[in-house]
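Peer 1: Need a 3D model of the following:
(one chain, ligands or ions: 1)
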Amino acid sequence: MSFVRSLLGGLPGKVSFKAASASFIEATPQNAFSLLPLSMGRRFQSTEADPKDVERLNRLRNIGISAHIDSGKTTCTERILYYTGRIKEIHDVRGRDGVGAKMDSMELEREKGITIQSAATYASWGDNNINIIDTPGHVDFTIEVERALRVLDGAVMILCSVAGVQSQTITVDRQMRRYNVPRLSFINKMDRAGANPFRIIDQLRQKLKLTAAAVQIPIGNEDKFHGVVDLITMKAIYNEGETGQELVERDIPAELMPLAAEKRTELIEQLADVDDEIADIYLMEETPTVEQMVSAIRRATISLKFTPVLMGSAFKNTAIQPLLNAIINYLPNPTEVVNTALDINQGEKKVDLSPYTNSPFVGLAFKLEEGRYGQLTYMRIYQGALKKGSFITNVKTGKKIKVPRLVRMHAADMEDVDELGAGEIGAMFGVDCSSGDTFTDGTLQYTMTSMYVPDPVISLSLTPKGKESPNFSKALNRFQKEDPTFRVHIDSESKETIISGMGELHLQIYVERMKREYNVECLTGKPRVAFRETIAQAAKFNYTHKKQSGGSGQYGRVMGQLEPMEKDEETGKDVSFENRVIGGNIPSNFIPACEKGFNDALDKGPLIGHPVNGVRMVLEDGASHAVDSSELAFRIATKNAFHEAFAKAKPTILEPIMNVAITAPIEFQGSVIGGLNKRKGTVVDTEIQEDYFNVIADVPLNDMFGYSTELRSATQGKGEFSMEYKDHQPVQSNVQETLIQEYKKEQANKTK
Ligand SMILES: Nc1nc2c(ncn2[C@@H]2O[C@H](COP(=O)(O)OP(=O)(O)OP(=O)(O)O)[C@@H](O)[C@H]2O)c(=O)[nH]1
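Peer 2: Numbers count the residues shown, from 1 in each chain. I've put the predicted structure just below:
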């Protein structure tokens, strides 16, 4: 059965093709897809794989949808769910009907109209199954995007037809590269005034250095946007019916023919650059067939050399079904992606995982969530099958557990299943673990390589209002397990609970969740920037801790060097303690105490009490006393030696620098740039688009407080900005002095 015919047979009630579209069935990319050999591009050829399993995997896609905030990810996902029949009605984000989009199931998400947690869902399109993860666009929730990309095989990168490549698009691009995720680009909001897909494609090429080309062109623009021309089949596709459920194919309007021909040639040229078969055809001055083009786009997309660009308007229900076809046609199935694990039994050797169900089970718990019915653990099954009632082993803890209940997620709803095969994404109930844990059937000691976790940039103190409640620490434990970018520690002096994370909104959401989900209202301190302390040069230490106050005394002497240390890219570590003492001048049983002293010193830097990074402490020599030396004496000696050397090693305060992207009407450019200068910003890039301008600048986070209010008043409320963490850099010397003085004053007040 041809793919399209099976697609038509399997379509849910709401979506239908008009009779007039018979020719559509004969000449579409999907049809061409059905002509492709099923094994095309498959990386694993397993003679033992069950043909039924291979067939199922060929028809499975695990995709993520990511983009800059407000580009329309949730709205697109909502339309996908509607057209695939998973939901019966469309509810818009912040919709007037008060229901809210299906994917934004958290009460807070509906209120704020943003996506906080990524939701998993699956949908069927024809004979194909698609697992979709909707991810948040706000930079504060970056970890959610990282997690989704880690476990997905392909992605749709959504861009706004007016704003184009924005700061968060750049972050998402980086993440997709980090995890080698093939992607489609979808230019949404084609109904907006100023929409220009070709300008956005230029930005993809210039700013993201992608080989990108349109596989469609728009029919009409802005409020006259009615459909798209498919440049592969050279047919015009329109959405008709109240909710765009009817897809109608017609000839290309005559006035669009020249543009369609030009853009088709551009597509072939771009493909020829990255695909040998198309290059040969192009050099012979022949025209590739529909099948050749679809195969080439698929090959080039999966091998990360190309991104096909589609366009539409989710809000106006236009051109979403062609996006679904493209997901099937161009994004890889689980057998076309190589996933690796580390085999602990072979000294953490990298091993390729088999993507089939008849291999031993390996799965990754990539997300935890406290649901209505208890803890929910999201799992990507990399090989083998996960069965209800079966036993699986947590490789990290060695704990064997029984899978009590297994579900497939559909936003907040779920469907019970008995088994999930290789390549699937689902969730288990009642399994205690941390996010990022690997599970196997017990016969394998595999662990999946870990996820990139960015450092926190902001912190605040948190105190429960009223009576002490065990829920306070319960909630904090829960949030930390769910989210590795959310950290909690107790200030060793003030004994206050300090939470830190990726931004004010990130922390605010947890404070709010504490109240709503755990019934604990909290007072919060002023948000503080997560400064760090480090050194710029090496310095020696030679410190003796000696106390003689009746009874047994304390004696410990340590000598060595404190030196700057670069971050180790593999381990992410940028602090270390090295013992090079020979000859037993410090007895070896006291060395661990010295290391403890070093760690004590790292917690609270000598300058302003922030953590110390980028230092290596090398212990070279020392002395001990037969009676008076103790672990405590060496611990104190090392901590004090650290302070002594730190003061001589050009101590420096580092602050988080944010990459800030601002868009506003052109008449406000002067005042916006002036404002950035006042906040010690460095402008990196500016761009003018008709009556709007974009500016990208690096600004210290410490100078960004209150910026949204300032921007609003400087642009009569018409300016928008977003920011993401770039790195930590040394503060200016006068700022360093001020921060040190403020800290000293604070400390003096505390002791009064
Ligand atoms: N004009 C127009 N507006 C759209 C379109 N798609 C989405 N929107 C609107 O854009 C806003 C943001 O849409 P969302 O779907 O919430 O975007 P998102 O990317 O999921 O947002 P976050 O999750 O907060 O990052 C909403 O007001 C939508 O109604 C579109 O195609 N055209």
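Peer 1: Figure out the helix or strand that the residue in the stretch 401-550 of the chain that the ligand sits nearest to lives in.
Peer 2: Nearest to the ligand, among the residues of the stretch 401-550 of the chain, is residue 505, at 10.8 Å (C-beta to the nearest ligand atom). Bear in mind the C-beta positions are built from the backbone N, C-alpha and C, glycine included. Take DSSP states H and E as the rule and residue 505 turns out to sit in helix 504-518.
Peer 1: Local confidence estimate at the residue of the stretch 401-550 of the chain closest to the ligand?
Peer 2: Residue 505 carries a pLDDT value of 80.
Peer 1: again with residue 194
Peer 2: Looking at residue 194, its pLDDT is 89.
Peer 1: For the stretch 301-450 of the chain, give the residue positioned nearest to the ligand.
Peer 2: Per C-beta to the nearest ligand atom, residue 315 is where the stretch 301-450 of the chain lies closest to the ligand, at 3.2 Å.
Peer 1: Give me the neighbour count for that residue.
Peer 2: Residues near residue 315, counting by other C-beta atoms under 10 Å, number 19.
Peer 1: State whether it and residue 190 are indeed in contact, as I suppose.
Peer 2: No: the criterion here is C-beta atoms under 8 Å, and residue 315 misses it with residue 190 at 9.7 Å.
Peer 1: Strands along the stretch 201-350 of the chain, start to end?
Peer 2: Assigned by DSSP state E, counting those that start in this stretch, the strands in the stretch 201-350 of the chain fall at 212-214, 216-219, 227-230, 235-240, 246-250, 307-311, 340-343, 349-352.
Peer 1: who's in contact with the first one?
Peer 2: Read that as strand 212-214. Contacts to strand 212-214, defined as C-beta atoms under 8 Å, 6 or more residues apart in numbering, come from residues 185, 197-198, 201, 204-205, 231, 263, 266-267, 269-271, 306-311.
Peer 1: Filter these down to the buried ones.
Peer 2: Neighbour counting with 16 or more other C-beta atoms under 10 Å marks 185, 197-198, 201, 204, 231, 263, 267, 270-271, 306-311 as buried within these.
Peer 1: quick one on the thing from earlier: how about JSON lines for the strands of the stretch 201-350 of the chain, with distance to the ligand and mean pLDDT added?
Peer 2: Listed next are the strands of the stretch 201-350 of the chain as JSON lines, based on distance: least, C-beta to the nearest ligand atom, whole Å; pLDDT from 0 to 100:
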{"stretch": "strand 212-214", "distance to the ligand": "17", "mean pLDDT": "96"}
{"stretch": "strand 216-219", "distance to the ligand": "12", "mean pLDDT": "96"}
{"stretch": "strand 227-230", "distance to the ligand": "13", "mean pLDDT": "95"}
{"stretch": "strand 235-240", "distance to the ligand": "12", "mean pLDDT": "93"}
{"stretch": "strand 246-250", "distance to the ligand": "17", "mean pLDDT": "90"}
{"stretch": "strand 307-311", "distance to the ligand": "10", "mean pLDDT": "97"}
{"stretch": "strand 340-343", "distance to the ligand": "31", "mean pLDDT": "87"}
{"stretch": "strand 349-352", "distance to the ligand": "35", "mean pLDDT": "86"}
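Peer 1: of these, which approaches residue 695 most closely?
Peer 2: Of all the strands of the stretch 201-350 of the chain, it is strand 212-214 that lies closest to residue 695, at 24.1 Å by C-beta to C-beta.
Peer 1: Give me the sheet partners of the closest one and which way each runs.
Peer 2: Note on strand 212-214: by DSSP bridges, its sheet partners are strand 307-311 (parallel).
Peer 1: Sketch out the low-pLDDT regions of the stretch 501-650 of the chain for me.
Peer 2: 549-551, 569-572 (pLDDT under 70).
Peer 1: do that again at 80, thanks
Peer 2: Applying pLDDT under 80 to the stretch 501-650 of the chain flags the ranges 548-552, 568-572.
Peer 1: Contact residues of it facing the ligand?
Peer 2: Within reach of the ligand by C-beta under 6 Å from any ligand atom, the stretch 501-650 of the chain has no residues at all.
Peer 1: Where do the strands of the stretch 501-650 of the chain begin and end?
Peer 2: In the stretch 501-650 of the chain, strands defined by DSSP E, counting those that start in this stretch lie at 522-524, 528-529, 532-535, 539-547, 554-564, 575-579, 615-623, listed in chain order.
Peer 1: buried sites along stretch 739-748?
Peer 2: 739, 743.
Peer 1: okay, the strands of the stretch 501-650 of the chain in a markdown table with mean neighbour count next?
Peer 2: Formatted as a markdown table, the strands of the stretch 501-650 of the chain follow (neighbours: other C-beta atoms under 10 Å):
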| stretch | mean neighbour count |
| --- | --- |
| strand 522-524 | 15 |
| strand 528-529 | 16 |
| strand 532-535 | 22 |
| strand 539-547 | 17 |
| strand 554-564 | 22 |
| strand 575-579 | 16 |
| strand 615-623 | 21 |
